[in-house]
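A.B. asks: Predicted model, plus sequence, below.
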Amino acid sequence: MAGAPPPLLLALLGLAALAAAGATNAAGRKTVGVYELRKGDFSVRVTNWGATLTSVVLPDSKGNLADVVLGYDTIAEYVNGSAYFGALVGRVANRVANARFVLDGKVYHLYRNDGKNALHGGKRGFSKVIWTVKEYVGSGDSPYITLYYHSFDGEEGFPGDLDVYVTYRLSGPYELSLRMNATALSRATPVNLVNHAYWNLGGHGSGDVLRHTVQLLASRYTPVDAGLIPTGAVAPVAGTPYDLRAPTRLGARLRLVSGGKAGVYGYDTNFAVDGEARALRKVAAVRDGGASGRALELWADQPGVQFYTGNFLAGVKGKGGAVYGQHAALCLETQGFPDAVNHPNFPSQIVRPGQVYRHNMVFKFSF
Ligand SMILES: *[C@@H]1O[C@H](CO)[C@@H](O)[C@H](O)[C@H]1NC(C)=O
Ligand SMILES: *[C@@H]1O[C@H](CO)[C@@H](O)[C@H](O)[C@H]1NC(C)=O
């Protein structure tokens with residue numbers, strides 16, 4: 001990026017005062033910190049920059065600890081980065097076609113940051129703002145942190161004020177839960193929050209995830225056009241490379257899936273999760289087929305899950321000198337369907353004033 005660093009960046013680098021531009025947040029000083037949640041040899045770190053999950057450390061079967069999410073060493077790198085490592089993405093994650101939608105007869109134009117489309121909430125979405133730490137309990141039986149963000153009317157083009165909360169909690173032995181809610185205060189608005197953690201159960205610097213096996217409890221997926229926008233179909237996975245209903249080693253399978261751009265392969269696909277989205281249900285199971293033997297199960301209450309295999313990672317400098325190449329990790333972003341706001345047949349993402357959006361996820365680790 002050419003030119004002078006934006007004021008936000010300058011403020012952050014000095015961890016100095018910040019009055020979020022145009023925001024209706026209470027005036028005053030906001031600082032960025034990193035907060036640890038610990039339960040024995042299981043520990044997680046979260047920063048209020050983008051409500052981002054920066055590390056998840058757990059043992060393997062031999063007791064060796066590893067950090068199983070990709071990330072950076074410094075907040076400045078999160079500010080500059082474009083991979084959404086561990087971030088809380090919103091107001092509307094994934095793509096909105098032509099950065100445009102119509103709601104209650106009014107046309108809304110969003111910030112175009114993906115060709116002509118809007119991606120992951122725009123130029124300065126929820127992953128690129130400072131959240132307020134509401135509560136923090138780092139240790140004990142159920143360590144947690146609750147972060148809050150007030151999104152203002154018109155932010156990145158979205159209608160209405162929105163109060164957003166996310167709580168990261170060590171909710172059981174080797175269990176991490178995320179509880180998100182968002183209340184529309186003044187106008188109807190689409191809301192679709194995701195956590196964008198990049199998982200590598202062998203450890204974040206251990207190479208690619210080709211030996212991981214993945215199972216997705218999803219009988220259907222939403223095919224996309226050349227611009228990665230859903231066609232509107234919700235198609236069966238049976239007989240396609242998108243059939244991951246049985247545990248499947250990623251290895252050779254990845255090559256069967258076009259990654260969305262010439263020369264890039266792998267998954268970047270929204271799956272329609274089986275069962276009703278009203279309560280937690282099992283979404284995915286992942287196992288490291290390598291030496292660590294670590295596994296995770298993901299449970300959530302959303303209609304879909306974006307399964308992304310790090311197709312576009314290309315030598316990103318990460319934590320502790322690690323360099324993340326293509327397929328260095330996989331993402332399981334539970335969500336509403338991409339571009340739902342332009343597809344009336346997809347589950348609605350509209351939240352009306354006084355209504356509350358809710359999204360719960362639980363990661364259960366074993367080794
Ligand atoms: C900022 O990110 C770009 C890639 O998006 C990278 O090339 C550059 O080194 C980064 N700068 C800093 C200071 O981290
Ligand atoms: C949203 O979550 C926060 C933090 O847990 C909680 O205090 C608040 O009551 C929740 N809001 C709603 C409307 O449930």
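C.D. replies: Yes, it's here. Numbers count the residues shown, from 1 in each chain. Ligands and ions are numbered 1, 2, ... in the order given.

A.B. asks: What are the boundaries of the helices in the stretch 101-250 of the chain?
C.D. replies: In order along the chain, the stretch 101-250 of the chain carries the following helices (DSSP state H, counting those that start in this stretch): 250-253.

A.B. asks: all strands for it, in order.
C.D. replies: Here the stretch 101-250 of the chain has its strands, by DSSP state E, counting those that start in this stretch, at 106-109, 118-119, 132-137, 144-151, 162-172, 175-184, 189-190, 194-195, 212-216, 220-221, 235-236, 248-249.

A.B. asks: Tabulate those strands in TSV, adding columns for mean pLDDT and distance to Ser55.
C.D. replies: Where C-beta positions appear, they are placed from N, C-alpha and C, glycine not excepted. Rendered in TSV, the data for the strands of the stretch 101-250 of the chain read as follows (pLDDT from 0 to 100; distance: least, Cβ to Cβ, whole Å):
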stretch	mean pLDDT	distance to Ser55
strand 106-109	98	37
strand 118-119	97	25
strand 132-137	98	16
strand 144-151	98	13
strand 162-172	98	12
strand 175-184	98	11
strand 189-190	98	31
strand 194-195	98	14
strand 212-216	98	19
strand 220-221	98	31
strand 235-236	98	37
strand 248-249	97	26
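
A.B. asks: okay, these, which one's buried deepest?
C.D. replies: When neighbours are counted by mean count of other Cβ atoms under 10 Å, the highest per-stretch mean among the strands of the stretch 101-250 of the chain falls to strand 194-195, a mean of 30.

A.B. asks: Give the other helices and strands that it contacts.
C.D. replies: Applying 3 or more Cβ pairs under 8 Å, 6 or more residues apart in numbering; DSSP states H and E, one finds that strand 194-195 contacts strand 88-89, strand 331-335.

A.B. asks: what's the burial count for Trp299?
C.D. replies: Applying the criterion other Cβ atoms under 10 Å, we find 19 residues in the vicinity of Trp299.

A.B. asks: Show me what the residue in the stretch 251-367 of the chain that ligand 2 sits nearest to is bridged to.
C.D. replies: Distances from the stretch 251-367 of the chain to ligand 2, computed as Cβ to the nearest ligand atom, single out Val356 as the nearest residue at 4.4 Å. With DSSP bridges as the criterion, Val356 is bridged to Thr183.

A.B. asks: Tell me the pLDDT of the residue of the stretch 51-200 of the chain found nearest ligand 1.
C.D. replies: Closest contact between the stretch 51-200 of the chain and ligand 1, by Cβ to the nearest ligand atom, is at Asn80 (3.8 Å). The model reports Asn80 with a pLDDT of 96.

A.B. asks: same check, this time on Gly227
C.D. replies: pLDDT, Gly227: 86.

A.B. asks: Surely it touches Ala99?
C.D. replies: No - Gly227 sits out of contact with Ala99 when judged by Cβ atoms under 8 Å, with a separation of 11.9 Å.

A.B. asks: More neighbours: which of these two?
C.D. replies: The residue with more neighbours, out of Gly227 and Ala99, is Ala99; 21 against 13, by other Cβ under 10 Å.

A.B. asks: mind listing what the more buried one touches?
C.D. replies: Contact analysis of Ala99 by Cβ atoms under 8 Å, 6 or more residues apart in numbering lists His109, Leu110, Tyr111, Arg112, Lys116, Asn117, Ala118, Gly157.

A.B. asks: ok, Leu216 - contacts?
C.D. replies: When contacts are counted by Cβ under 8 Å, 6+ apart, Leu216 is found next to Leu244, Arg245, Phe271, Val273, Val283, Ala284, Val305, Phe307.

A.B. asks: now the residues you listed in a markdown table, with neighbour count?
C.D. replies: Formatted as a markdown table, the contacts of Leu216 follow (neighbours: other Cβ atoms under 10 Å):
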| residue | neighbour count |
| --- | --- |
| Leu244 | 23 |
| Arg245 | 15 |
| Phe271 | 27 |
| Val273 | 25 |
| Val283 | 26 |
| Ala284 | 23 |
| Val305 | 26 |
| Phe307 | 24 |
